[in-house]
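Engineer: model this:
(one chain, ligands or ions: 1)
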Amino acid sequence: MPKFSEVIGQESVHRLLEGALERDRLPHAYIFHGSPGVGKTTTAFALAQRLNCLEATQGDPCGACSPCRKYERLQHPDLHWHFPMPASVKGGKRAEEIRKQLDERLEPGIFRFHFSTAASIAIGRDKDTRAGSVAELRHQAGMHSVEARTKVFVISEADRMTDAAANSLLKILEEPRPGNLLILCTSNPGALLDTILSRCQALRFRDLTEDEIVALLQEKLAEPPSKKEAQLAAALAQGSLSRATGLVEEEVVEQRDRAVRFLNLLPDSPESHLAVADLVAMKDRVLIERLFDFGDLWLGDVLRVLAGSSVPLANRDAEALVREHARSLTIPEIKRRMAVLKEARRALRGNVYLPLILRDVIEKLHDRTAIPVG
Ligand SMILES: [Zn+2]
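Structural biologist: Residues are numbered from 1 along each chain as shown. Reported below is the predicted structural model:
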């Protein structure tokens, strides 16, 4: 279990928590909000451990006492974690699904927890957290803690609670019991009921900078990416470490190179027919959306060069090529092409026939007679 001091970028949140701990003035409920993968869940677990460590010094848990060891395996009986799960997954597959969810939720490859199916983790009963799992939470919240001073409930993606679940949770918040701490984590606090928001203390987790993400990827991953891969992933991850971690596992440099080739395809050329056929064969709209994202990132860099911006390029490993493209394009033309990609992304999500989207976007990326935007 990482300590506060090891969660990068959230120093101001941690200072607030330290202050509350020192004065023994913790609220009954927190809302941790911010982009996915910026350290909300990790901080929630670190706080639970810190609260119940027998030998905590200077804000950090000792990591060695009996409660600490249980928290580090996510097996403390007074730590309850709820997250949305597909209801359709049952039996043996369920343990597998939980394992998968844990890997995804615990910043994959960075903080490894040992998990056995006997872990004391309460799992939401449905894809969206339903009243059933919150009823379970209410039951747990009403019981005395097994051994800890503070029983901690962590609810991930709290915005995905159904109305019935949210109303049920509200009852817990309206009659808080001493010794319970609820932590609702969400990237979309606006979707929570006002009555829930008003009963929790909200702490905002900031987006990580690209440099912070690059450093984390290179320091913490078991198989550290190259600087070039880390930079590209960080540029595309929009402040989220977990998104960046997922990206470095997917050969980002190759994807970027493919996107650059795609941007320069001539409509109706043999190369463009081949590219469309390859992309359609992948049957993966997420990967194709990623292709458009990389295209957008590239055009953004070309735009930056033309505008004389001093912000470092996302594709700084390919700066010479970015500059070459900048020589043959104008700012309005780049903006027009970025709008084409945006439109294509929308079509992709709208389930438009894939070959049609691809042929259309190749055509439009080269249509210089169209009216420029902006
Ligand atoms: Zn300890």
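
Engineer: remind me which residues of this structure are low pLDDT?
Structural biologist: Along the chain, segments meeting pLDDT under 70 span 1-2, 58-59, 85-92, 94-95, 103-148, 367-374.

Engineer: Tell me the residues on it that lie near the ion, please.
Structural biologist: Contact residues, the chain versus the ion (Cβ under 5 Å from the ion): 53, 55, 61-62, 65, 68. Every residue, glycine included, has its C-beta placed from N, CA and C.

Engineer: how does it look with 8 Å?
Structural biologist: Within the chain, the positions near the ion by Cβ under 8 Å from the ion are 49, 52-56, 61-69.

Engineer: From those residues, list just the buried residues.
Structural biologist: Buried by 16 or more other Cβ atoms under 10 Å: 49, 52-53, 56, 61-63, 65, 67-68, out of the residues of the chain next to the ion.

Engineer: Which segments of this structure make up each domain?
Structural biologist: Following automatic domain parsing, one finds the domains of the chain at 4-204, 251-365.

Engineer: Pairing partners for the longest strand along the chain, with directions?
Structural biologist: The strand that spans the most residues within the chain, counting by DSSP state E, is strand 180-186. Next to strand 180-186 in the sheet, as set by DSSP bridges, lie strand 29-33 (parallel), strand 151-155 (parallel).

Engineer: centre of the chain versus the last one, how much separation?
Structural biologist: The gap between where strand 151-155 is centred and where its chain is centred comes out at 20 Å by Cα atoms, centre = their mean, to the nearest Å.

Engineer: can you count the residues close to residue 317?
Structural biologist: Neighbour count for residue 317, taken as other Cβ atoms under 10 Å: 17.

Engineer: sorry, back to before: could I get the domains of the chain as CSV with distance to residue 223?
Structural biologist: Formatted as CSV, the domains of the chain follow (distance: least, Cβ to Cβ, whole Å):
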stretch, distance to residue 223
domain 4-204, 8
domain 251-365, 13
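
Engineer: Of those, give the one that comes closest to residue 228.
Structural biologist: Nearest of those to residue 228, taken as Cβ to Cβ: domain 251-365 at 4.2 Å.

Engineer: end to end, how far does that closest one reach?
Structural biologist: One end of domain 251-365 to the other measures 25 Å (Cα to Cα, to the nearest Å).

Engineer: what's the offset of it from the middle of its chain?
Structural biologist: Put simply, domain 251-365 sits 24 Å off its chain's centre (Cα atoms, centre = their mean).

Engineer: circling back: could I get the strands paired with strand 180-186 as JSON lines with mean neighbour count?
Structural biologist: JSON lines is the format used below for those (neighbours: other Cβ atoms under 10 Å):
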{"stretch": "strand 29-33", "mean neighbour count": "24"}
{"stretch": "strand 151-155", "mean neighbour count": "25"}
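
Engineer: Same list, these, but as JSON lines with distance to residue 270 please.
Structural biologist: Shown next, in JSON lines, are the strands paired with strand 180-186 (distance: least, Cβ to Cβ, whole Å):
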{"stretch": "strand 29-33", "distance to residue 270": "50"}
{"stretch": "strand 151-155", "distance to residue 270": "54"}
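
Engineer: Could you pull up phi and psi at residue 25?
Structural biologist: Per-residue torsions, residue 25: phi -120, psi 50 (degrees, to the nearest 10).

Engineer: now what about the longest strand of the chain, what contacts it?
Structural biologist: With contact meaning Cβ atoms under 8 Å, 6 or more residues apart in numbering, strand 180-186 is reached by 26, 28-33, 40-41, 44, 47-48, 51, 141, 150-159, 169, 172-173, 192, 196, 200.

Engineer: in the helix or strand following it, what's buried?
Structural biologist: Once strand 180-186 ends, the next helix or strand along the chain (criterion: DSSP states H and E) is helix 194-197. Neighbour-count burial for helix 194-197 flags residue 196 (criterion: 16+ other Cβ under 10 Å).

Engineer: now helix 194-197, how far from the chain's geometric center?
Structural biologist: Distance of helix 194-197 from the chain centroid (Cα atoms, centre = their mean) equals 24 Å.

Engineer: by contact count, what packs against it?
Structural biologist: Judged by 3 or more Cβ pairs under 8 Å, 6 or more residues apart in numbering; DSSP states H and E, helix 194-197 is in contact with helix 163-174.

Engineer: Give me the angle between the helix it packs on and strand 151-155.
Structural biologist: Comparing the axes of helix 163-174 and strand 151-155 via axes from the mean of the first three to the mean of the last three Cα atoms, to 10 degrees yields an angle of 150 degrees.
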